[in-house]
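K.L.:
Can you look at this prediction? I've put the sequence above it.
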Amino acid sequence: QQPVQSPQAVILREGEDAVINCSSSKALYSVHWYRQKHGEAPVFLMILLKGGEQKGHEKISASFNEKKQQSSLYLTASQLSYSGTYFCGTEYTGANSKLTFGKGITLSVRP
Amino acid sequence: GAVVSQHPSWVICKSGTSVKIECRSLDFQATTMFWYRQFPKQSLMLMATSNEGSKATYEQGVEKDKFLINHASLTLSTLTVTSAHPEDSSFYICSANPPGHYEQYFGPGTRLTVT
(Lines give C-alpha, C1' and ligand atoms only; values in the text may rest on other atoms or scores of the structure.)
Protein backbone atom coordinates (compact mmCIF):
# COMPACT_ATOMS: atom_id res chain seq x y z
CA GLN A 1 0.00 0.00 0.00
CA GLN A 2 1.67 3.15 -1.25
CA PRO A 3 1.98 6.03 1.23
CA VAL A 4 0.53 9.38 0.21
CA GLN A 5 2.87 12.35 0.00
CA SER A 6 1.81 15.99 0.03
CA PRO A 7 1.98 18.60 -1.33
CA GLN A 8 2.67 17.50 -4.89
CA ALA A 9 5.36 20.10 -5.48
CA VAL A 10 7.09 22.86 -3.58
CA ILE A 11 8.76 25.97 -4.93
CA LEU A 12 10.52 28.26 -2.53
CA ARG A 13 13.23 30.85 -2.33
CA GLU A 14 16.54 30.30 -0.66
CA GLY A 15 16.19 30.75 3.08
CA GLU A 16 12.51 29.80 3.25
CA ASP A 17 11.11 26.83 5.15
CA ALA A 18 9.13 23.87 3.82
CA VAL A 19 7.18 20.93 5.20
CA ILE A 20 6.61 17.67 3.34
CA ASN A 21 4.15 15.08 4.57
CA CYS A 22 3.84 11.31 4.25
CA SER A 23 0.68 9.50 5.31
CA SER A 24 -0.43 5.91 5.60
CA SER A 25 -3.86 4.42 6.16
CA LYS A 26 -2.44 1.92 8.64
CA ALA A 27 0.26 1.96 11.27
CA LEU A 28 3.83 1.73 10.05
CA TYR A 29 6.87 0.00 11.43
CA SER A 30 9.14 2.77 10.20
CA VAL A 31 9.43 5.70 7.83
CA HIS A 32 12.53 6.41 5.75
CA TRP A 33 13.19 9.72 4.00
CA TYR A 34 15.30 10.01 0.86
CA ARG A 35 16.25 12.80 -1.53
CA GLN A 36 16.92 12.12 -5.17
CA LYS A 37 18.45 14.48 -7.67
CA HIS A 38 17.78 14.09 -11.37
CA GLY A 39 19.52 11.07 -12.86
CA GLU A 40 21.02 10.01 -9.56
CA ALA A 41 20.23 7.41 -6.92
CA PRO A 42 18.24 8.33 -3.81
CA VAL A 43 20.28 9.49 -0.84
CA PHE A 44 19.25 8.49 2.68
CA LEU A 45 18.24 11.39 4.94
CA MET A 46 16.81 9.79 8.06
CA ILE A 47 14.67 7.04 9.52
CA LEU A 48 12.00 7.20 12.19
CA LEU A 49 10.99 4.16 14.17
CA LYS A 50 9.11 5.30 17.26
CA GLY A 51 5.73 6.99 17.56
CA GLY A 52 6.15 10.56 18.68
CA GLU A 53 9.77 10.59 17.58
CA GLN A 54 11.44 13.70 16.27
CA LYS A 55 14.95 13.88 14.96
CA GLY A 56 17.06 16.10 12.81
CA HIS A 57 20.42 16.90 11.36
CA GLU A 58 21.47 20.49 10.80
CA LYS A 59 18.50 22.16 9.11
CA ILE A 60 16.56 19.07 8.13
CA SER A 61 14.36 17.35 10.68
CA ALA A 62 11.47 14.92 10.73
CA SER A 63 8.67 13.75 12.99
CA PHE A 64 6.59 10.59 13.33
CA ASN A 65 3.19 10.92 14.94
CA GLU A 66 2.05 8.85 17.92
CA LYS A 67 -0.13 6.59 15.82
CA LYS A 68 2.78 5.96 13.44
CA GLN A 69 0.66 6.78 10.43
CA GLN A 70 2.07 10.15 9.48
CA SER A 71 5.52 11.62 9.15
CA SER A 72 6.63 15.09 8.21
CA LEU A 73 9.97 16.32 6.91
CA TYR A 74 10.94 19.87 7.83
CA LEU A 75 13.43 21.85 5.75
CA THR A 76 14.58 25.01 7.52
CA ALA A 77 16.29 27.98 5.88
CA SER A 78 16.44 26.07 2.61
CA GLN A 79 19.55 26.04 0.48
CA LEU A 80 19.87 25.61 -3.27
CA SER A 81 21.29 22.14 -2.64
CA TYR A 82 17.98 21.06 -1.11
CA SER A 83 16.38 20.94 -4.56
CA GLY A 84 15.36 17.47 -5.65
CA THR A 85 12.61 14.92 -5.25
CA TYR A 86 11.83 13.76 -1.74
CA PHE A 87 10.51 10.26 -1.22
CA CYS A 88 9.23 8.65 1.91
CA GLY A 89 9.64 4.91 2.10
CA THR A 90 7.53 2.94 4.53
CA GLU A 91 7.98 -0.40 6.22
CA TYR A 92 4.90 -2.18 7.48
CA THR A 93 6.09 -5.46 8.90
CA GLY A 94 9.48 -5.08 10.54
CA ALA A 95 13.10 -4.14 10.28
CA ASN A 96 14.83 -4.58 6.94
CA SER A 97 11.62 -5.58 5.26
CA LYS A 98 10.76 -4.14 1.89
CA LEU A 99 10.15 -0.42 1.50
CA THR A 100 7.13 0.99 -0.27
CA PHE A 101 7.81 4.45 -1.63
CA GLY A 102 5.44 7.34 -2.10
CA LYS A 103 5.21 9.14 -5.42
CA GLY A 104 7.69 11.75 -4.33
CA ILE A 105 7.56 15.51 -4.01
CA THR A 106 9.61 17.78 -6.21
CA LEU A 107 11.12 20.63 -4.27
CA SER A 108 12.76 23.53 -6.10
CA VAL A 109 14.79 26.13 -4.25
CA ARG A 110 15.41 29.31 -6.19
CA PRO A 111 17.98 32.04 -5.49
CA GLY B 1 29.10 5.44 5.05
CA ALA B 2 28.08 2.30 3.25
CA VAL B 3 28.78 2.18 -0.47
CA VAL B 4 26.82 0.32 -3.11
CA SER B 5 28.01 0.30 -6.70
CA GLN B 6 26.33 -0.67 -9.94
CA HIS B 7 27.68 -1.56 -13.33
CA PRO B 8 27.16 -0.42 -15.97
CA SER B 9 25.94 3.13 -15.41
CA TRP B 10 24.05 3.03 -18.65
CA VAL B 11 23.47 0.55 -21.44
CA ILE B 12 21.82 0.67 -24.83
CA CYS B 13 20.77 -2.63 -26.35
CA LYS B 14 18.69 -3.89 -29.21
CA SER B 15 15.28 -5.39 -28.76
CA GLY B 16 15.44 -9.12 -28.12
CA THR B 17 18.87 -9.16 -26.50
CA SER B 18 19.69 -9.72 -22.83
CA VAL B 19 21.41 -7.30 -20.47
CA LYS B 20 23.09 -8.01 -17.14
CA ILE B 21 23.34 -5.39 -14.41
CA GLU B 22 25.63 -5.87 -11.41
CA CYS B 23 25.10 -4.55 -7.90
CA ARG B 24 27.93 -4.69 -5.39
CA SER B 25 28.20 -3.74 -1.74
CA LEU B 26 31.75 -2.43 -1.49
CA ASP B 27 32.35 -2.16 2.24
CA PHE B 28 29.84 -4.49 3.82
CA GLN B 29 28.25 -7.86 3.30
CA ALA B 30 24.62 -8.04 2.32
CA THR B 31 22.55 -11.19 2.59
CA THR B 32 19.67 -9.28 1.04
CA MET B 33 19.63 -6.76 -1.77
CA PHE B 34 16.68 -5.01 -3.35
CA TRP B 35 16.08 -4.23 -7.01
CA TYR B 36 13.93 -1.27 -8.02
CA ARG B 37 12.75 0.15 -11.31
CA GLN B 38 12.00 3.81 -11.80
CA PHE B 39 10.31 5.32 -14.84
CA PRO B 40 10.81 9.04 -15.58
CA LYS B 41 9.27 11.28 -12.94
CA GLN B 42 7.79 8.32 -11.12
CA SER B 43 8.38 6.56 -7.85
CA LEU B 44 10.72 3.71 -7.05
CA MET B 45 8.93 0.43 -7.60
CA LEU B 46 10.34 -2.64 -5.92
CA MET B 47 10.82 -5.45 -8.39
CA ALA B 48 12.36 -8.15 -6.26
CA THR B 49 14.31 -8.98 -3.15
CA SER B 50 17.55 -10.80 -3.81
CA ASN B 51 18.61 -13.35 -1.18
CA GLU B 52 22.12 -14.75 -0.99
CA GLY B 53 22.08 -18.49 -1.40
CA SER B 54 18.40 -18.78 -2.20
CA LYS B 55 15.83 -17.75 -4.75
CA ALA B 56 14.79 -14.15 -5.17
CA THR B 57 11.38 -12.99 -4.04
CA TYR B 58 9.52 -11.17 -6.80
CA GLU B 59 6.82 -8.57 -6.38
CA GLN B 60 3.42 -9.15 -7.86
CA GLY B 61 3.36 -8.48 -11.58
CA VAL B 62 7.10 -8.86 -12.12
CA GLU B 63 7.98 -11.70 -14.51
CA LYS B 64 10.51 -14.05 -12.94
CA ASP B 65 11.61 -15.49 -16.27
CA LYS B 66 12.20 -12.08 -17.76
CA PHE B 67 14.07 -10.50 -14.85
CA LEU B 68 16.56 -13.09 -13.63
CA ILE B 69 18.20 -12.37 -10.31
CA ASN B 70 21.26 -14.14 -8.96
CA HIS B 71 22.77 -13.32 -5.58
CA ALA B 72 26.11 -15.01 -6.18
CA SER B 73 27.91 -13.86 -3.04
CA LEU B 74 27.48 -11.67 0.01
CA THR B 75 28.64 -8.66 -1.99
CA LEU B 76 27.19 -9.23 -5.45
CA SER B 77 23.72 -9.47 -6.93
CA THR B 78 22.96 -9.44 -10.63
CA LEU B 79 19.82 -8.61 -12.56
CA THR B 80 19.51 -9.92 -16.10
CA VAL B 81 16.84 -8.50 -18.32
CA THR B 82 16.15 -11.21 -20.87
CA SER B 83 14.72 -10.61 -24.33
CA ALA B 84 14.57 -6.90 -23.65
CA HIS B 85 11.90 -4.77 -25.29
CA PRO B 86 11.56 -0.98 -25.54
CA GLU B 87 9.05 -0.97 -22.67
CA ASP B 88 11.81 -2.34 -20.40
CA SER B 89 13.72 0.91 -20.85
CA SER B 90 14.01 2.38 -17.39
CA PHE B 91 16.29 3.33 -14.52
CA TYR B 92 17.20 0.24 -12.49
CA ILE B 93 18.51 0.78 -8.97
CA CYS B 94 19.65 -1.66 -6.32
CA SER B 95 19.96 -1.16 -2.58
CA ALA B 96 21.10 -2.98 0.51
CA ASN B 97 21.13 -2.66 4.30
CA PRO B 98 24.51 -2.83 6.01
CA PRO B 99 24.42 -5.24 8.98
CA GLY B 100 22.83 -3.59 11.98
CA HIS B 101 21.43 -0.72 9.92
CA TYR B 102 17.77 -0.11 9.23
CA GLU B 103 18.33 2.25 6.33
CA GLN B 104 18.91 1.14 2.78
CA TYR B 105 21.82 2.47 0.75
CA PHE B 106 21.25 2.78 -2.96
CA GLY B 107 23.56 2.18 -5.86
CA PRO B 108 23.98 4.92 -8.47
CA GLY B 109 21.54 3.22 -10.83
CA THR B 110 21.71 1.83 -14.36
CA ARG B 111 19.85 3.50 -17.18
CA LEU B 112 18.70 0.90 -19.70
CA THR B 113 17.58 1.94 -23.16
CA VAL B 114 16.22 -0.71 -25.48
CA THR B 115 16.03 0.26 -29.15
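P.N.:
Happy to help now that I have it. Numbers count the residues shown, from 1 in each chain, chains lettered A, B, ... in the order given.
K.L.:
Chain neighbours aside, what residue packs nearest to the closest residue to chain A within chain B?
P.N.:
Chain B approaches chain A most closely through residue B:106 (4.0 Å), counting by C-beta to the nearest C-beta. To be clear about C-beta, it is placed using only N, CA and C from the backbone, and glycine gets the same treatment. Closest residue in space to residue B:106, ignoring its immediate chain neighbours: residue A:41 at 4.0 Å, by C-beta to C-beta, 6 or more residues apart in numbering or on different chains.
K.L.:
distance of the residue of chain B closest to chain A from residue A:32?
P.N.:
Separation of residue B:106 from residue A:32 (C-beta to C-beta, to the nearest Å): 11 Å.
K.L.:
shared neighbours of the two, which are they?
P.N.:
residue A:44 (C-beta atoms under 8 Å, 6 or more residues apart in numbering or on different chains).
K.L.:
right, and the residue nearest to residue B:106 touches residue B:110 too?
P.N.:
No. Applying C-beta atoms under 8 Å, one finds residue A:41 not in contact with residue B:110, separated by 10.0 Å.
K.L.:
Give the residues shared as contacts by the two.
P.N.:
Joint contacts of residue A:41 and residue B:110 (C-beta under 8 Å, 6+ apart) are residue B:93.
K.L.:
OK, contacts around residue A:55?
P.N.:
Counted by C-beta under 8 Å, 6+ apart, residue A:55 has contacts A:46, A:48, A:61-62.
K.L.:
Tell me which two in those are the farthest apart.
P.N.:
Maximum pairwise distance in the contacts of residue A:55, criterion C-beta to C-beta, is 10.4 Å, between A:48 and A:61.
K.L.:
who in chain B is up against chain A?
P.N.:
B:32, B:34, B:42-46, B:49, B:93, B:97, B:102-109, B:111 (C-beta under 8 Å from any C-beta of the partner chain).
K.L.:
Just the buried subset of these, please.
P.N.:
B:32, B:34, B:43-46, B:49, B:93, B:97, B:102-107, B:109, B:111 (16 or more other C-beta atoms under 10 Å in any protein chain shown).
K.L.:
Could you report the neighbour count for the residue nearest to residue B:73 when sequence neighbours are not counted?
P.N.:
Spatial nearest neighbour of residue B:73, excluding adjacent residues (C-beta to C-beta, 6+ apart): residue B:52 at 7.0 Å. For residue B:52, the neighbour count with other C-beta atoms under 10 Å in any protein chain shown is 17.
K.L.:
residues near the closest residue to residue A:69 other than its chain neighbours, how many?
P.N.:
Sequence neighbours aside, residue A:24 is the residue nearest to residue A:69 in space, at 5.0 Å (criterion: C-beta to C-beta, 6+ apart). By the criterion of other C-beta under 10 Å, residue A:24 has 21 neighbours.
K.L.:
residues in contact with the nearest residue to residue B:85 once chain neighbours are set aside?
P.N.:
In this structure, residue B:85 finds its nearest non-sequential neighbour in residue B:15, 5.5 Å apart by C-beta to C-beta, 6+ apart. By C-beta under 8 Å, 6+ apart, residue B:15 lies in contact with B:84-86, B:114-115.
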